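Colleague: need a structure here:
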Amino acid sequence: MQSPILDLHIVAGTLGMLSGFVTVFLRKGSRRHGIAGNVFVVTMLCLSSSGVFLAIMKHQTGNILGGALTFYLVATAWLTARRRDGEPGIFDWGALLIVLAVAVVEVTLGLEAAISPTGLKYDYPPGPYFFMGSVAWLAVIGDVRMLVRRGITGSHRIARHLWRMCFALFIAAASIFLARQHLFPAFMRKTGMLVFLSFLPLLLMIFWLIRVRFTNADKKKRPVMGGLEPSLSAR
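Modeller: Residues are numbered from 1 along each chain as shown. Sure thing, here's the model as predicted:
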């Protein structure tokens with residue numbers, strides 16, 4: 001399928017991947033981190049939305065769900081970083097409905113694949129559906145807690161931003177390095193480099209979440225000057 005949408009999808013995927021890895025390695029809160037992060041957000045939103053469009057045209061249900069989840073993760077992570085007061089709004093309620101729908105459909109398709117004679121549903125086994133569905137349900141729980149508490153601040157806000165951005169980067173990395181291994185040199189396939197690059201965003205996510213947790217615990221042991229609470233620049 002050669003079209004401007006496909007070209008946009010390829011370019012956005014390339015830029016999103018590069019800017020994503022650059023962002024996670026830059027000092028958090030720095031100007032360069034902010035610039036790279038903005039590029040990552042814009043390109044990932046273009047990547048996921050164009051991916052959903054192409055998947056609809058090609059009747060690829062799994063990719064429609066994956067693209068919708070990626071768009072949701074990036075958009076909500078960006079909003080979490082931008083909104084300092086943590087107060088939820090109408091966008092958060094709409095995002096909750098979207099991710100709830102994705103979660104329900106993912107689990108439903110996983111169950112249908114599990115009981116199918118072929119063990120597949122739309123060419124996918126149960127595992128990917130249940131995996132992505134579990135992530136979607138975690139996001140649903142997080143959104144509900146935020147809405148019930150009428151906002152999120154401090155280290156919880158940082159963690160929400162981190163895991164959503166990193167998992168979106170993981171989806172993009174796996175879509176490129178795992179799903180399209182034939183595009184890369186043989187030595188990258190044989191050495192496991194493609195697998196490592198695919199799961200590197202998850203490793204970085206775990207590292208940053210642990211660091212945020214211990215940083216916050218250390219700050220609680222020390223007196224806080226001026227009543228300031230942790231912000232994204234503290235990462």
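
Colleague: Which of the helices or strands spans the residue nearest the centre of the chain?
Modeller: Nearest to the geometric centre of the chain sits A168, at 2.1 Å (Cα atoms, centre = their mean). Assigned by DSSP states H and E, A168 belongs to helix 154-173.

Colleague: which other helices and strands contact the lengthiest helix in the chain?
Modeller: For the chain, the helix with the greatest residue count under DSSP state H is helix 193-221. Under the contact criterion of 3 or more Cβ pairs under 8 Å, 6 or more residues apart in numbering; DSSP states H and E, helix 193-221 touches helix 4-25, helix 154-173. Using the backbone N, CA and C atoms, a C-beta is placed for each residue, glycine as well.

Colleague: Go ahead and name everything in contact with the helix or strand following the last one.
Modeller: Of the helices and strands lying after helix 154-173 in sequence (DSSP H and E), the nearest is helix 186-190. With contacts defined as Cβ atoms under 8 Å, 6 or more residues apart in numbering, helix 186-190 is touched by Q181, M193, L194.

Colleague: do stretch 110-121 as well
Modeller: L109, Y124, P125, P126, G127, Y129, F130, G133.

Colleague: what about it, distance to the chain center?
Modeller: How far stretch 110-121 lies from its chain's middle: 26 Å, per Cα atoms, centre = their mean, to the nearest Å.

Colleague: Could you do stretch 25-42 as well?
Modeller: 16 Å.

Colleague: Ok, stretch 67-79 next?
Modeller: Remark: stretch 67-79 is offset 6 Å from the chain centroid, using Cα atoms, centre = their mean.

Colleague: mind listing what's buried in that stretch?
Modeller: By 16 or more other Cβ atoms under 10 Å, the buried positions in stretch 67-79 come out as 67-79.

Colleague: Same question for stretch 6-26.
Modeller: For stretch 6-26, burial by neighbour count (16+ other Cβ under 10 Å) applies to 8-9, 12-13, 15-17, 19-24, 26.

Colleague: and which of these is nearest to K58?
Modeller: H9 (12.0 Å; Cβ to Cβ).

Colleague: and the closest residue to L194 other than its chain neighbours, what does it touch?
Modeller: Among residues not flanking L194 along the chain, F177 sits closest, at 4.3 Å (Cβ to Cβ, 6 or more residues apart in numbering). Going by Cβ under 8 Å, 6+ apart, F177 touches F184, L194, V195, L197, S198.

Colleague: Now pLDDT too, for the residues you listed, in a markdown table please.
Modeller: A markdown table is the format used below for the contacts of F177 (pLDDT from 0 to 100):
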| residue | pLDDT |
| --- | --- |
| F184 | 89 |
| L194 | 93 |
| V195 | 93 |
| L197 | 92 |
| S198 | 93 |
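
Colleague: Just send those back as TSV, with distance to A103 and neighbour count too.
Modeller: Listed next are the contacts of F177 as TSV, based on distance: Cβ to Cβ, whole Å; neighbours: other Cβ atoms under 10 Å:
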residue	distance to A103	neighbour count
F184	32	14
L194	29	21
V195	27	15
L197	27	18
S198	23	20
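
Colleague: Check these against L138 and report the nearest one.
Modeller: Taking those together and measuring to L138 by Cβ to Cβ, the closest member is S198, at 20.0 Å.
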